[in-house]
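Trainee: Provided below for reference: sequence and predicted model.
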Amino acid sequence: MSTASDTPEERLAEYQRLFEHALLGRERRDDSVVLSFRTGPGTREAVESLVAREAACCPFLDYRVEALGDELRWTTTGDSRPGVDVILDSLYALPVT
């Protein structure tokens with residue numbers, strides 16, 4: 001995050017606000033993490049903003065945001081590089097840490 005426009009504390013606070021407001025669920029798959037959100041005012045913008053900043057930090061991961069009915073899904077997928085599982089595990093744990 002050395003080139004990020006926000007601090008780690010600011011980003012974590014933004015995640016927390018998003019989770020409190022809209023998180024429906026989370027799933028850890030072998031090679032990915034899926035975070036599901038209820039749609040509502042500002043939710044897609046908040047998710048896409050976080051995705052853009054995470055992609056700038058970790059461009060070796062794949063990020064997808066898709067609307068499915070009243071739900072917005074953010075899927076982050078990684079490959080078998082060393083350390084990718086640690087990043088995916090951290091993303092999965094964010095809502096409870």
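Mentor: It's in. Numbering: from 1, shown residues only.
Trainee: In a strand, residue 79, correct?
Mentor: No - per DSSP: H, G, I helix; E, B strand; the rest coil, residue 79 lies outside any strand segment and is coil.
Trainee: For it, what are phi and psi?
Mentor: The phi/psi pair for residue 79 (degrees, to the nearest 10) reads phi -110, psi -160.
Trainee: What distance do you get for it to residue 19?
Mentor: Remark: distance between residue 79 and residue 19 (Cβ to Cβ, to the nearest Å) = 26 Å. All C-beta atoms are positioned from the backbone trio N, CA, C, and that covers glycine.
Trainee: who has more neighbours, the two?
Mentor: Remark: of residue 79 and residue 19, residue 19 carries more neighbours, 15 against 9, as counted by other Cβ atoms under 10 Å.
Trainee: what about the residue nearest to that one when sequence neighbours are not counted, distance to residue 87?
Mentor: Nearest residue to residue 19, sequence neighbours excluded (Cβ to Cβ, 6 or more residues apart in numbering): residue 95, at 4.8 Å. Residue 95 sits 16 Å away from residue 87, going by Cβ to Cβ.
Trainee: Looking at the two, which is more packed in?
Mentor: Per other Cβ under 10 Å, whichever of residue 95 and residue 87 has more neighbours is residue 87, with 18 against 15.
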